[in-house]
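# only geometry, no sequence info:
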């Protein structure tokens, strides 16, 4: 009866007025701004530790033995820094195009927030790995970066970000690989078409190979980057699942049990901080509240047809004909999408463009 009471409460929630929709959009854009600030901080931390690590490197140190480097003794002339970075940037471009324009608009914003937050977490963690152990550069003639004044270091940050310098000791965990793996997993988990996912998988393998052949990283760096990037993606989305389920059941992301009375997730306090931070930065509570609305006209939120057609909790029966409550498809669509192509974002962009230039037809 607890779930039935919760369901009745949720069914009474409706969001139909335009001002509230605009308020929701502002909330999501504000959280995207916060995530962007966190992302910039993560990038700066990584750049700083790359500089610190390079100060321990001496040009001419013998590279580590690597099986794939031994197979590909010569680096192809075309396989330089712009080529490798360009291949990854193309991957990023098609990913943002797919999930930025062909998803419900608020989900597109959320996906961008997730990409930024996971990347910033990866950059901060790998900064520690880069600094504590300085590996010899795969290219022995590499000239290390120097730790200088604050202004000069900031300029070096710019050179690192724009790939105008080569970092000798940016190793251990391949940032290029972790970045590529994150994008690949987004296609695996947010895209439904199996042929598209197969193509993306093959393209990601191609990127991993050119990272190794070009001497950007050792093979072990790429393997570590894949494991680390994939683990961060799965861990982050596991916490999103936990937060969404908690809120759907209790309208709160706080655990209902504490200590050893609850699950492993409930027992670990650090997880609770992560869950609260993710909930806030993604505006997950606002998203769940909006998912309760039965306004079938604002299709930039949910990909269900009609929009928000189900409650978050639905009544089912088991094999013994006993009733129980489970999460609906709409519950998962509301924060994870349904893997299909949705044109509502493009329609809303066109609508806003016409409104801005006074092209809307007057009644």
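Received it, and whenever you're ready, just let me know what you need. All values derive from a computational prediction rather than experimental measurement.

# Residue 326 should be in a strand, yeah?
Yes: looking at residue 326 with DSSP: H, G, I helix; E, B strand; the rest coil, it is inside a strand.

# I'd say residue 27 and residue 286 touch.
Yes: counting by CB atoms under 8 Å, residue 27 touches residue 286, with 5.6 Å between them. Quick note: C-beta positions are derived from backbone N, CA and C, even for glycine.

# and for these two, which residues touch both?
Common contacts of residue 27 and residue 286 (CB atoms under 8 Å, 6 or more residues apart in numbering): none found.

# which residue ranges form the helices in the stretch 1-150 of the chain?
For the stretch 1-150 of the chain, the helices defined by DSSP state H, counting those that start in this stretch cover 2-11, 18-54, 67-71, 81-101, 105-132, 150-161.

# same for the last one, what does it pack against?
What it means is helix 150-161. Counting contacts by 3 or more CB pairs under 8 Å, 6 or more residues apart in numbering; DSSP states H and E, helix 150-161 packs against helix 18-54.

# Mean confidence (pLDDT) on the helix it packs on, please.
For helix 18-54, mean pLDDT is 90.

# Against residue 207, how distant is residue 130?
With distances taken as CB to CB, to the nearest Å, residue 130 is found 21 Å from residue 207.

# Who has more neighbours out of the two?
residue 130 (24 against 21; other CB atoms under 10 Å).

# what sits against that one?
Neighbour list for residue 130: 46, 49-50, 53, 169-173 [criterion: CB under 8 Å, 6+ apart].

# switch the cut-off to 6 Å
Contact analysis of residue 130 by CB atoms under 6 Å, 6 or more residues apart in numbering lists 49, 53, 172.

# any idea how far the nearest residue to it once chain neighbours are set aside is from residue 249?
Closest residue to residue 130 apart from its sequence neighbours, by CB to CB, 6 or more residues apart in numbering: residue 53 at 4.9 Å. Per CB to CB, residue 53 is found 46 Å from residue 249.

# More neighbours: which of the two?
Between residue 53 and residue 249, counted using other CB under 10 Å, the more crowded position is residue 53 (26 against 16).

# my read: that one touches residue 168, true?
No: judged on CB atoms under 6 Å, residue 53 makes no contact with residue 168 at a distance of 8.3 Å.

# contacting residues around residue 135?
Listed by CB under 6 Å, 6+ apart, the contact set of residue 135 reads residue 171.

# repeat that for 7 Å
Residue 135 is in contact with 64, 169, 171-172, counting by CB atoms under 7 Å, 6 or more residues apart in numbering.

# Can you tell me the closest non-neighbouring residue to residue 215?
Excluding the flanking residues, the one nearest residue 215 by CB to CB, 6+ apart is residue 138, at 4.1 Å.

# okay, that neighbour: pLDDT?
Residue 138 carries a pLDDT value of 91.

# again with the one 5 residues further on
At residue 143 the predicted local distance difference test score is 90.

# And for residue 164?
pLDDT recorded at residue 164 is 88.

# gap between the spatially most central residue of the chain and residue 108?
By CA atoms, centre = their mean, the chain has its centre lying nearest to residue 115, at 2.4 Å. Distance of residue 115 to residue 108, computed by CB to CB: 11 Å.

# was I right about residue 122 contacting residue 231?
No: using CB atoms under 7 Å, residue 122 is not in contact with residue 231, being 9.8 Å away.

# between the two, who's got more neighbours?
Here residue 122 and residue 231 are set side by side on neighbour count (other CB under 10 Å), and the busier one is residue 122, at 24 against 13.

# list the contacts for the closest residue to that one other than its chain neighbours?
Residue nearest to residue 122 in three dimensions, not counting chain neighbours: residue 178, with 5.1 Å by CB to CB, 6+ apart. Applying CB under 7 Å, 6+ apart, we find residue 178 in contact with 122, 225, 228-229.

# Most neighbours of all the residues you listed, which one?
residue 229 (27 neighbours).

# what is the orientation angle of the strand or helix carrying it with helix 105-132?
Secondary structure assigned from DSSP states H and E places residue 229 in helix 219-250. Note on geometry: by axes from the mean of the first three to the mean of the last three CA atoms, to 10 degrees, helix 219-250 and helix 105-132 are set 140 degrees apart in direction.

# Can you give the contact residues for stretch 93-110?
Contacts of stretch 93-110 with the rest of the structure, by CB under 7 Å, 6+ apart, involve 28-29, 32, 111-112, 183, 186, 190, 282, 300-303, 337, 341-346, 348.

# Repeat the analysis, applying 6 Å as the threshold.
Applying CB under 6 Å, 6+ apart, the external contacts of stretch 93-110 come out as 28, 32, 111, 183, 282, 300-301, 303, 337, 341-342, 344-346, 348.

# Check the offset of that stretch from the chain's centre.
Taking CA atoms, centre = their mean, to the nearest Å, one finds stretch 93-110 lying 12 Å from the centre of the chain it belongs to.

# Give the buried residues for it.
Going by neighbour count (16 or more other CB atoms under 10 Å), the buried part of stretch 93-110 is 95, 98-99, 102-110.

# Likewise for stretch 255-264?
By neighbour count on 16+ other CB under 10 Å, the buried set for stretch 255-264 is residue 255.

# Can you tell me what sits against that stretch?
The contact list for stretch 255-264 (CB under 6 Å, 6+ apart) reads residue 266.

# got it, and stretch 156-176?
Contacts with stretch 156-176, where a contact means CB under 6 Å, 6+ apart, come from 47, 50, 53-54, 57, 81, 85, 126, 129-130, 134-135, 137, 142, 144, 211, 217, 221-222, 224-225, 228.

# Now do the end-to-end distance for that stretch.
In stretch 156-176, first residue to last residue: 19 Å (CA to CA, to the nearest Å).

# List the buried residues for it?
Taking 16+ other CB under 10 Å as the criterion, stretch 156-176 shows 156-157, 160, 165-176 as buried.
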